[in-house]
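Novice: Kindly return the folded structure for what I paste below:
(chains A and B)
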Amino acid sequence: ELKVEQNPLFLSMQEGKNYTIYCNYSTTSDRLYWYRQDPGKSLESLFVLLSNGAVKQEGRLMASLDTKARLSTLHITAAVHDLSATYFCAPSSGATNKLIFGTGTLLAVQP
Amino acid sequence: GAVVSQHPSWVICKSGTSVKIECRSLDFQATTMFWYRQFPKQSLMLMATSNEGSKATYEQGVEKDKFLINHASLTLSTLTVTSAHPEDSSFYICSASDPGGKAYEQYFGPGTRLTVT
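Specialist: Next up is the predicted model:
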C-alpha cells in the first residue's frame, strides 16, 4: 500500500525567503503530482513529474522527482504572500493512475 | 483546457436522507473518474475509482453500500451518499482524466460541500 509523507506540515516564512517542501512515498511510482489548495476551494494543478530526474519550474516554484529515492521536492524561491496555501503531493498508483495524497503542507507567507 | 464540473456545489440534508452528487466532464470523455473526500484541515482521501459501464472499485474501508457510485456515461459519474449521518459531512471532490488528450493529467472538479444535520 502506497503511503505518502510530507514535511513540514506547517511552514511559516517571511516574504523573500527560500524553502523546500519534501514528499516521501513508500512504494514505486512512475508519476508524481503537485497541487495547490486555497481555503474552501478545490485543487489547482501545479506540476506533473513523469520520470526520474524530472524538474519543472513555474514562477517561484520548482519541483523535482527522484524515483529511486522515492522523493519529490517543491522549492519556493523568494516567497510572496500570494503563495500562501496548502500544497499537496500525490504519487500515482496502479494502472488506473489513481492518486494517493500526502498529508499536505500549509504554507503561510508573512509580509 | 479540460473542465470537470460538480453539482451541487453545496448541499445541506437531514440525517437519514440520501444525497446525490454529480461529476461531469464537460469537454472530454472520461472512462475513469475518481471520488475523494476531504475533512476539514485534512488531506484528500481516495474513496473509489468510477469506471464507465462497470462497477466502481472502492478503497479499503469505504462502505460501497453507503457510497453508491454510478458511471453510466462517458461524461457523468454520480456519488450517492445513502442514509447520511453528520459524520458524512465533508468536502467531496471528483477528478477525471482525458484519455484523448494528456492521459496522465487529472482534472479536478470544484468540489461539493455536504453538511448533514
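
Novice: Kindly report the residues of chain A close to chain B.
Specialist: For chain A, the contact set with chain B under CB under 8 Å from any CB of the partner chain comprises A:31, A:33, A:35, A:41-43, A:45, A:48, A:50, A:88, A:90, A:96-104. To be clear about C-beta, it is placed using only N, CA and C from the backbone, and glycine gets the same treatment.

Novice: Now a PyMOL select for only the buried ones of those.
Specialist: Here is the PyMOL selection string for the buried members of those, based on 16 or more other CB atoms under 10 Å in any protein chain shown:
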select buried, chain A and resi 31+33+35+42+43+48+88+90+97+98+99+100+101+102+103+104
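
Novice: now, which of the residues of chain A next to chain B lie within strands?
Specialist: By the criterion of DSSP state E, membership of these in strands covers A:33, A:35, A:43, A:45, A:48, A:88, A:90, A:98, A:99.

Novice: any chance of those in TSV, with pLDDT too?
Specialist: As requested, these are exported to TSV (pLDDT from 0 to 100):
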residue	pLDDT
A:33	96
A:35	97
A:43	97
A:45	94
A:48	94
A:88	98
A:90	97
A:98	90
A:99	94
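
Novice: Distance to residue A:5 for those - can I get that in CSV?
Specialist: CSV is the format used below for those (distance: CB to CB, whole Å):
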residue, distance to residue A:5
A:33, 16
A:35, 16
A:43, 19
A:45, 21
A:48, 20
A:88, 12
A:90, 12
A:98, 18
A:99, 15
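
Novice: can you name the two of those residues that are farthest apart?
Specialist: A:45 and A:98 (15.8 Å; CB to CB).

Novice: Out of the ones in strands among the residues of chain A next to chain B, which comes closest to chain B?
Specialist: residue A:43 (4.5 Å; CB to the nearest CB).
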